[in-house]
Each structure stands twice: as structure tokens, then as C-alpha cells.
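In: here is a sequence together with a model predicted from it:
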Amino acid sequence: TASSTIPPAGDPGRVLAEVFGFPSFRGDQEAIVRHVASGGDAVVLMPTGGGKSICYQVPALCREGTGVVLSPLVALMHDQVAALRLAGVRAAALNSAMSFEERVEVERAYAAGELDLLYLAPERLSTPGAVELLQRGRVALFAIDEAHCVSQWGHDFRPDYLRLGALAELWPDVPRVALTATATPATHRELTERLHLDRARHFVSSFDRPGIRYRIVPKTKVRDQLVAFVKGEHAGEAGIVYALSRKKTEQAAAWLREAGVDAVAYHAGLPAEQRLEAQTRFLREDGVVVVATIAFGMGIDKPDVRFVAHIDLPKSVEGYYQETGRAGRDGAPAEAWMAYGLADVVQQRQLIETGDGDKATRRNQLAHLNQMLQLCEITSCRRQYLLSYFGEQSSGPCGNCDVCLDPPRLWDATVPAQKLLSTVLRIGKERGRTFAAGQHIDVLRGTESDRSRALRLDELSTWGIGADLSVAQWRGLVRHLLAVGVLESRGEWGVLAPTEAAKPILSGDESVMMREEVIARRGTGSTGAK
Ligand code: ADP
Ligand code: ZN
């Protein structure tokens, strides 16, 4: 084990400078560090890149004993430990991926007081002897990273986190600091309660990332849109493209490479060497684009990521914010771009319906999805929506999102919505069954097909009443009505059904205002204000 270069009971400012090489604290860091170093509990809400690690690493080094860090991601743990060791800190991790001998050595070093920081996965605490092991040494503080995982209604619940509440009773005199980058006011309350942090001070940083420009465009030809965005607007710049499936990441990486962009795929199914190579190239070389599933980016500290693109809909606003937060950490302008369409909405609902998880879990996932859809469909400032989602007030429209820069033209879609809803109801009533979006659109547009003939759909009174709108416009409307909860899509086939909210629209008591589809304007749905 390396010998520590840290002065015992060191001064926070000195530790920051001498160990981490930073001349000064940022934002709330200093207040948090001093509070925890002097024995107080803390709840820290700070956006990705805000510098949460310092908030427990420095106080751990200032206090006697070992700082115990509970962190859910084993891979990240190793990176952190390696970086700390390079800085001369006596850090180690304990996890099931290690050999028996390695574990024994770490346990010995901990009990002998030879460690400044010890990283553990939360599930470790429930293994036999874990508490006894920790009691053999001296704990300087507990840091609970990704603390939102304790929230059952959050987007990333992990049952093992529930046990962490017991730390308060087992070590009543040891300060605890819980940290997260994604907490809505409800999650914030819940994590405070479940982790028994009733005496904690709360440090809530602003979540605003003014340097990031948000843009969400309707998905038309996603390949062309993505290439136009990456190559046309961010040529030679580093970025991350997120997709939902492994296959899609490989496909999209190929699209970009064919267009001359230096793109690599990254997902958990690739061999470790290939992943490491992608990660290393992304970090070290200029202008590498990684096309990844969400696994990528956690703990990757690259300040000059100029864009994050989503070609599939994230499952929650929390997830979206965390992923887009990886852009522009250096403070220079960056873009968060997303293309989303009807198929995304239907697919995500199907994933939720067919996924495992009880009724309450599904309802929770649907609520998260619906909030994500609202962000996509709103016709007011995106940043204001995001900030209010995280419980923050903003002074007005931001001037740096697609809505502010290029206010969408609004379209009164009440009449088309009525036509669509009547079609859905009528097919249900007269043919005893209902269909997915495509068939309804065929009826509305009066599109002849074998199926429509077989089912005599051309005898329906709504046959052809919507020939004035294109298929894309109809799909946009279906997507909008799904997003705002007027329609539901059910089952494997994405069968459409109206909800209670359809009634006032059919009766004409409520109107449907949606953004005019930008189908006529080609390309990436550019704001033109680059
Ligand atoms: P988070 O966990 O909140 O996403 P990190 O702890 O990984 O953030 O820190 C993000 C980046 O900011 C890292 O590169 C870190 O070295 C840097 N950083 C943190 N605190 C400071 C500081 N006081 N001065 C300069 N850089 C800092
Ligand atoms: Zn705005």
C-alpha cells in the first residue's frame, strides 16, 4: 500500500490544492466540505460535472479514519480508485469482482487504518460480516453516491439502497453525505427520509446548464437527420449519440462512418478491449463520436464534448438530463439534440407493458415516460420546463433552446383530432376491433388496400375524410395525442384507444394546439440560428 501524502486532519483548502491540484473550490463545494469535515450530515444535489466527488473526498482526507463511499457502479469505482492512487491517496475498493486474496488484503489495510478511502457497492453491506468488518476500522464518513437510487419512485431504484438507512443507527456519530445529480423535489424528500438524513444540511446547486442548447425535432429520416446534425453542424467535434439497442448503436455508427465521421459504437455486448479502445479514443483523440447505449458516459470525464444526440427517446426526464449533461462540461457552447417520433412513443409503451415489474412499477414508468413526452411536445421554453421539473424557478424563457430561438408555428389541430378520434371509436364500434396508427391513417386518407377492402373499411363514414393531410402529418398528430394522453396505445401491436381526455375534444369543448410539423422544412429541423 502506498503511504499517504496527506497531512492528518488537514485543512480543506490545502488538501484541495495539494492532493487534487485545484486552486479553489467551486460553487457549494467549500461549504459542503467544511460542514461534513466538521461532522455534519449533508444532502448534495449537484448537476453532473458539478464536482460532487470533491465533496466527500476532501472531508474524508481531513478527518481521521477511512471515508467509506457507497457507489453502485463497479467500473466507476475502479477508475476513481486508480485516479486517487495516482494523486497519492490511499484508496481501495471492495467488490465481488476481486479475488479472495485481494479482498483479504483490502480488509486488512482498512482495519489497520491504512486507507483514506474505501469504495463499496451498496449490496456489499448486506453480505455477512460486512458491518463487522467496517466496525473493525474507523469510519471517517459515509458518502452515498447516486443517492436517488433509494427512491422507489425515482427513475433508477435499487433495492440495496434501502439498507443504507441503517447506517444512521449503526454509526450515529459518523457524518453521512448523500449525493445525486438527478432529484426532483419528490425524490429529494424521499431520499432524505429513507436515508434518515433528517438532521442534514441541504445543498442544492442550480441545475441549469446555460451553455447547452436544447433541440428536439420530429423524426422523419433519422439517418439523414443524424448525419446532417453531426456532419453538417458539428464536423470534427467530439460527441455522444445515444440509442436504445445495441444493434442500433452499431447501425448508427456505420451511417456516420459512411458519411466520413469518425464514429465508434459502444455497448455492453462488445468485448472489453473494444470498449476500452472506444473509450480511450474518445478521451484522447479529437473529434471522435461515440454511438452508445446509456451505459456509456457514466464517470467519463471529458470536458469538451460538443454535442449529445438522442436518436431514441430516453425513458425519463432525469435520464435525458443526465445524458445531455455530459455535453459542454467545459462551459463552452454545446448542443443537446434529439429526434423523436410516433414509433418511439409506441415502442416505449410496449416496453413498459411487456416488461416485468408490478402494476405500481409500470404506472411509475408510464408517468416518467409521459413527462418525457411533455418535454418533447411543449411549445414553450424547454429549459424552463427542465428546471421546473427539478423544482427550480427560472426568470423567463432562456433564449438558448429551439423553442426560444425559433418559436414553433402552432397548428389548430382540433378538427383533425376529432376526425381521428371518431375513426378510432367508429372502427371499434362497427368492426368490433381496433387497430394501430397506420390503419387508422389509411381510413382517414381513404387509402385502398387488401386489408381495407377485406374489412370493408371504405364503408365507414370516416373513410377519406382526412385526405387533406399527409401520412406524416397524421402520424405527428397521433404522436401528439399519445404524448398528451388523449390516446393510449395498447398491447403488442400498439392498438389505439381514446382516453377520458378525448371527450372534451370530441365535443368541441377543448381544442388541440400542436406544433406545425416541420416536414416541409427539410434537414435536421434546424433552428437556422447556429
Ligand atoms: P460529478 O461527480 O458531479 O459529475 P466530478 O466530481 O466527476 O463531478 O467532477 C467533474 C469535473 O470537475 C472533474 O474533472 C473534476 O476534476 C473537476 N473539478 C471538481 N472540482 C473542481 C474544482 N474545485 N476546481 C477545478 N475542477 C474541479
Ligand atoms: Zn428556451
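Out: The structure has been received and is ready for your questions. Ligands and ions are numbered 1, 2, ... in the order given.
In: mind listing the helices for the stretch 401-530 of the chain?
Out: Secondary structure of the stretch 401-530 of the chain by DSSP state H, counting those that start in this stretch: the helices cover 402-405, 414-431, 437-445, 450-454, 471-483, 503-506.
In: with the stretch 51-200 of the chain instead?
Out: So, for the stretch 51-200 of the chain - with DSSP H, counting those that start in this stretch - the helices run 52-62, 74-86, 100-111, 130-136, 167-170, 185-194.
In: how about a markdown table for these, with distance to ligand 1, mean pLDDT and mean neighbour count added?
Out: In short, each C-beta sits where N, CA and C put it, glycine included. Below are the helices of the stretch 51-200 of the chain laid out as a markdown table (distance: least, CB to the nearest ligand atom, whole Å; pLDDT from 0 to 100; neighbours: other CB atoms under 10 Å):
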| stretch | distance to ligand 1 | mean pLDDT | mean neighbour count |
| --- | --- | --- | --- |
| helix 52-62 | 3 | 96 | 26 |
| helix 74-86 | 9 | 88 | 16 |
| helix 100-111 | 23 | 95 | 15 |
| helix 130-136 | 24 | 93 | 15 |
| helix 167-170 | 21 | 94 | 15 |
| helix 185-194 | 16 | 94 | 18 |
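In: let's have those in CSV, adding distance to residue 44.
Out: Converted to CSV, the helices of the stretch 51-200 of the chain look like this (distance: least, CB to CB, whole Å):
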stretch, distance to residue 44
helix 52-62, 6
helix 74-86, 17
helix 100-111, 25
helix 130-136, 22
helix 167-170, 16
helix 185-194, 11
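In: so residue 389 makes contact with residue 371?
Out: Yes. Counting by CB atoms under 8 Å, residue 371 is a contact partner of residue 389 at 6.9 Å.
In: what about the two, which has more around it?
Out: Shown here are residue 389 and residue 371; by other CB atoms under 10 Å, residue 389 has more neighbours (20 against 17).
In: so which strand or helix has the nearest residue to residue 366 once chain neighbours are set aside?
Out: Spatially, and ignoring its direct neighbours in sequence, residue 366 is nearest to residue 352 (5.8 Å; CB to CB, 6 or more residues apart in numbering). Assigned by DSSP states H and E, residue 352 belongs to helix 342-354.
In: before we move on, back to that, wait, what's in contact with the residue nearest to residue 366?
Out: Neighbouring residues of residue 352 by CB atoms under 8 Å, 6 or more residues apart in numbering: 362, 365, 366, 369.
In: can we see that at 6 Å?
Out: 362, 365, 366 (CB atoms under 6 Å, 6 or more residues apart in numbering).
In: residue 136 contacts residue 112, doesn't it?
Out: No. Look at residue 136 against residue 112 with CB atoms under 6 Å: they stay out of range, at 9.3 Å.
In: I'd assumed residue 333 was in contact with residue 327.
Out: No. Using CB under 6 Å, residue 327 makes no contact with residue 333, being 9.5 Å away.
In: might you enumerate the residues of the stretch 1-150 of the chain proximal to ligand 1?
Out: Residues of the stretch 1-150 of the chain lying near ligand 1 by CB under 6 Å from any ligand atom: 22, 25, 26, 29, 46, 48, 49, 50, 51, 52, 53, 54.
In: kindly give a single ChimeraX line that selects the buried subset of the residues you listed.
Out: Those of these that count as buried under 16 or more other CB atoms under 10 Å are selected in ChimeraX with:
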select :25,29,46,48,49,50,51,52,53,54
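In: so where is this structure shaky, pLDDT-wise?
Out: 1-9, 295, 297-299, 492, 517-530 (pLDDT under 70).
In: tell me the contacts of the closest residue in space to residue 389 that isn't next to it in sequence?
Out: Nearest non-adjacent residue to residue 389, counting by CB to CB, 6+ apart: residue 317, 5.3 Å away. Neighbouring residues of residue 317 by CB under 6 Å, 6+ apart: 371, 372, 375, 389.
In: tell me which of those is nearest to ligand 2?
Out: Ligand 2 lies nearest to residue 375 out of the contacts of residue 317, by CB to the ion, at 11.8 Å.
In: on the three-state scheme, that closest one is what?
Out: Three-state call for residue 375 (DSSP: H, G, I helix; E, B strand; the rest coil): helix.
In: so the closest residue to residue 93 other than its chain neighbours bridges to which residues?
Out: Once flanking residues are discounted, residue 93 sits nearest to residue 119: 4.1 Å by CB to CB, 6+ apart. Beta-bridge partners for residue 119, by DSSP bridges, are residue 69, residue 93.
In: appreciated, that's everything.
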